[in-house]
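> What shape does this take:
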Amino acid sequence: MGKLGTHEIIFPLGDREITLEFGKLARQADGAVVLRDGNCVLLATVVSNATPREGVDFLPLTVDYLEKFSAAGRFPGGFFKREGKLSDHEVLVSRLVDRALRPLFPDDYHSEIQVMIQLLSADDDVSPDALAGLAASAAVALSDIPFNGPMVELRVARIDGEWKINPRISEAERADINLIVAGTPDAIVMVEGEMHEASEEDAVEALARAHDAIKSVAQHLNELKAQHGKPVREYQHELPPDPELEAKIHELAFDKIYQFALTPSAKQARSDYFAGVYEETVAALDPAVVEEKQPLIDKYFKNVKREAVRKAILDKGQRLDGRRPDEIRPIECAVDVLPSVHGSALFTRGETQALASVTLGSQADVQLIDRVMEQGEDRFLLHYNFPGFSTGEVRPKRAPSRREIGHGNLARRAIEMVLPSEEENPYVIRIISDILESNGSSSMATVCASSMALMDAGIPLKGHVSGIAMGLIMDESGRYAILSDILGDEDHLGDMDFKVTGTAEGITALQMDLKVEGLTQAILREALMQAKAGRDHIRAKMEEAIAEPRPTVKPFAPKLIKVEVPRDVVGAIIGPGGKHIQALQSETGTVISIVQEEDAGPDATAVVEISGKDAEMMEKARKHIEGIAAKPEVGKVYEGTIKSIMPYGAFVEYLPGKEGLLHISEIQWEHVPSMEETGLKEGDQISVKLVEIDERSGKVRLSMKVLTERPDHIPERPARERRPRSEGRGGRSGGGRRDGGRGGRPFRR
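As a prediction, this is how the structure comes out:
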């Protein structure tokens with residue numbers, strides 16, 4: 001095979017060094033690079049077909065991010081013990097890279113492209129999601145695929161008041177602003193992240209600092225491409241341009257669309273009208289030209305439609321549905337719309353509608369996290385569903401799409417920032433957002449509906465979270481219009497899709513996709529302030545429906561009791577093979593979960609969580625568990641149950657799982673010749689006093705008679721002193737007999 005032509009470049013990123021190595025691995029890919037940051041190793045590859053996919057007028061790009069469990073020296077969970085379909089986390093990272101790369105490929109390139117980024121080695125303190133986009137961009141730079149890069153993707157975070165680029169995982173946990181930002185030397189193209197109610201000025205500064213770092217790293221990628229990149233391939237994926245045909249379509253369609261765009265219309269009416277103009281335009285063309293150049297006709301008509309609608313908005317300041325640029329569609333809010341659900345809300349804004357349902361659960365309902373870089377529990381779940389009927393389409397319901405996973409994650413970020421602590425809210429929370437109607441910004445409708453549903457469920461949020469989708473239209477002369485609460489058509493025709501969520505105090509989540517260069521900090525700041533005004537307006541509508549959390553959860557929601565117990569009694573609570581805890585759950589109709597602290601020291605504790613709907617049964621379970629955890633106390637009176645009868649007395653369960661001997665002589669003051677004459681039987685509930693715990697054996701002596709007054713004719717006996725234990729082997733006093741010289745008889749006064 002010959003000697004491998006391995007090369008590498010090293011450059012700083014944040015306070016660490018990044019190594020890009022190429023020429024050694026995956027050499028049959030069009031481009032491949034190995035990125036190293038500490039012990040974190042990513043392999044990024046890109047392959048593109050030589051011929052375009054037939055009949056497509058879009059970029060068929062697929063990005064897959066995969067984490068190998070071997071990277072962290074672990075086995076995958078489950079029965080098959082191998083990686084399967086992408087996890088939600090892998091899908092989210094794939095989307096981050098896809099959204100950053102996609103706008104930088106030429107519009108007329110239609111060959112399939114597959115980008116794959118694999119985590120081969122993990123570093124406990126290095127976050128690979130902030131490096132995946134950079135690795136993918138480097139692989140594309142080394143290939144012959146046409147690309148308007150370089151693109152750099154990185155994390156910017158504010159930690160303890162200081163800005164950091166690609167901070168360590170341990171540092172990022174303290175961040176109050178945490179964003180993934182991607183861009184070229186000229187512009188930011190993608191933003192996603194969360195903030196702890198940060199200001200608009202803070203958001204602008206975060207993006208500015210990220211872009212400075214992007215420019216620096218981009219220089220190294222440009223050098224990489226110049227020195228080692230392949231010549232860009234030649235391609236012709238569309239019919240040759242036809243200026244005459246383009247001018248003809250413009251002449252036939254532009255004025256019709258422009259004039260219509262100045263007249264307010266509904267979504268379906270617009271769709272029907274544009275379809276009619278298209279049919280008229282095609283009918284006016286030579287049939288031979290239509291047959292030969294149908295793809296060009298579609299492309300030119302789409303361009304004319306985009307140009308006409310954008311010009312109408314910039315010329316008149318009026319949008320397709322008649323609104324001003326900063327005007328919000330009519331809003332309707334309602335809560336408690338589903339009678340048996342723990343919390344529910346319906347949020348309708350224009351032609352977009354979201355129904356949110358909240359389910360409250362116990363520790364038994366937590367989602368276990370078993371990822372390469374993270375293991376633990378998730379107590380807050382938000383699932384977003386986008387069925388076909390929401391847009392009037394026939395679409396089979398399958399597994400959640402990448403879009404559904406991404407939109408749900410954005411809404412989750414927004415809400416999670418205002419959730420109460422586990423101490424304030426012991427419940428595990430799941431929100432389902434079903435989009436029932438959609439014409440733009442369904443993810444932001446999900447945020448609003450979820451916030452109201454949580455308050456309806458009695459979850460003490462810090463405040464309502466509202467969300468808005470912003471758009472931007474900008475022409476070559478520099479004219480621009482910032483659009484609040486964009487429609488679906490405005491999303492497709494605009495230059496920016498900018499989603500912002502937050503409370504009255506500040507921003508909680510941010511997502512942005514840009515399709516145009518030249519977005520200055522001044523325009524960005526203006527867009528954020530306009531978004532703030534829109535969020536305030538929406539939040540006021542939400543507060544009309546429910547202004548603050550309900551004081552308690554719904555009557556049919558589960559109730560929770562938490563009991564802290566010493567860790568060394570957990571085994572007794574669970575019982576052999578779970579026997580005790582399962583029996584208690586069955587008897588009381590509750591769900592009992594145990595959370596143990598990681599600390600295994602002598603004072604370690606565990607928390608027993610009891611969940612149920614019957615308060616009396618929950619209290620019974622609590623008392624039972626507290627009884628198991630309780631330490632026997634001499635002199636304390638207990639309510640016990642007789643478990644067995646012996647000739648010399650009865651064994652009484654005075655605490656759950658703890659028994660003591662009630663000797664026949666301790667039942668009553670008068671002499672009792674036999675147990676039959678006492679009238680006691682198994683299962684009887686009796687009161688007993690714990691009078692002695694044997695220091696040597698730990699055995700407990702109980703008494704009933706001391707709870708009554710001693711008759712005058714029965715003299716009080718003096719306490720009998722116990723003889724000291726001898727030091728020698730076998731050495732109990734009284735001849736070394738194990739019964740202490742009492743012939744096996746129970747200890748008596």
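
> Okay, buried residues for the longest helix seen in the chain please.
For the chain, the helix with the greatest residue count under DSSP state H is helix 200-228. Using 16 or more other C-beta atoms under 10 Å as the test for burial, helix 200-228 gives 200, 203-207, 209-211, 213-214, 217-218, 220-221, 224-225, 228. C-beta: built from backbone N, CA, C; applies to glycine.

> and if you look at stretch 637-645?
Buried, per 16+ other C-beta under 10 Å, within stretch 637-645: 638, 640, 642, 645.

> again, but for stretch 58-73
Quick answer for stretch 58-73 (16+ other C-beta under 10 Å): 59, 61, 63-69, 71-72.

> so of those, which ones are in strands?
61, 63-67 (DSSP state E).

> Return the residues in contact with residue 102.
Neighbour list for residue 102: 59, 61 [criterion: C-beta atoms under 8 Å, 6 or more residues apart in numbering].

> let's see 6 Å
residue 61 (C-beta atoms under 6 Å, 6 or more residues apart in numbering).

> Poorly predicted segments of the protein, please.
For the chain, applying pLDDT under 70 flags the ranges 1-5, 518, 597-602, 717-749.

> What is the end-to-end distance of stretch 46-60?
End-to-end distance for stretch 46-60, by C-alpha to C-alpha, to the nearest Å: 13 Å.

> what separates that stretch from the chain centre, distance-wise?
Taking the mean of its C-alpha atoms, stretch 46-60 sits 34 Å from the chain's own mean (C-alpha atoms, centre = their mean, to the nearest Å).

> Just the residues contacting it, thanks.
29-31, 105, 110-115, 139-140, 143, 145, 237.

> Next, the buried residues of that stretch.
Using 16+ other C-beta under 10 Å as the test for burial, stretch 46-60 gives 46-48, 52, 59.

> For residue 449, see how far away residue 617 is.
Distance, residue 617 to residue 449, using C-beta to C-beta, to the nearest Å: 34 Å.

> typed the wrong thing, it's residue 365
Here the criterion is C-beta to C-beta. By it, residue 365 lies 21 Å from residue 449.

> neighbour-wise, which of those two wins?
residue 449 (30 against 18; other C-beta atoms under 10 Å).

> ok, the more buried one - contacts?
345, 347, 354, 356.

> Can you verify my assumption that residue 527 contacts residue 482?
Yes: counting by C-beta atoms under 6 Å, residue 527 touches residue 482, with 5.0 Å between them.

> ok, back up a step: could I get the buried residue list for the very next helix or strand once past the longest helix of the chain?
Using DSSP states H and E, the helix or strand that follows helix 200-228 towards the C-terminus is helix 243-261. Going by neighbour count (16+ other C-beta under 10 Å), the buried part of helix 243-261 is 245-246, 248-250, 252-254, 256-258, 260-261.

> ok, so of those, who is nearest residue 511?
residue 261 (27.3 Å; C-beta to C-beta).

> Compute the distance between the residue lying closest to the closest one once chain neighbours are set aside and residue 475, please.
Leaving aside its sequence neighbours, residue 261 sits nearest to residue 312 (C-beta to C-beta, 6 or more residues apart in numbering; 3.7 Å). Distance of residue 312 to residue 475, given as C-beta to C-beta: 12 Å.

> What of residue 427?
51 Å.

> quick one, which of the two is more surrounded?
More crowded of residue 427 and residue 475, by other C-beta under 10 Å: residue 427, with 26 against 14.

> from what I can see that one touches residue 358, true?
No: using C-beta under 6 Å, residue 427 is not in contact with residue 358; the gap is 9.4 Å.

> check contacts around residue 126.
37-38, 40.

> which residues touch the host helix or strand of residue 659?
According to DSSP H and E, residue 659 maps onto strand 658-663. For strand 658-663, the surrounding residues in contact (C-beta under 6 Å, 6+ apart) are 649-654, 700, 702, 746.

> Swap in 7 Å and give it another go.
With contact meaning C-beta atoms under 7 Å, 6 or more residues apart in numbering, strand 658-663 is reached by 632, 643, 648-654, 688, 690, 699-702, 704, 746, 748.

> Please apply the same query to stretch 265-272.
320-321, 351, 439, 489.

> Pull out the buried residues from that stretch.
Buried, per 16+ other C-beta under 10 Å, within stretch 265-272: 267, 270.

> And for stretch 317-326?
318-321, 323, 325-326.

> Determine which two of the residues you listed are furthest apart.
Spatially, the most separated pair among these is 320 and 326, at 15.2 Å (C-beta to C-beta).

> hang on, the earlier thing: hang on, isn't the residue nearest to residue 261 packed against residue 256?
No: look at residue 312 against residue 256 with C-beta atoms under 7 Å: they stay out of range, at 11.8 Å.
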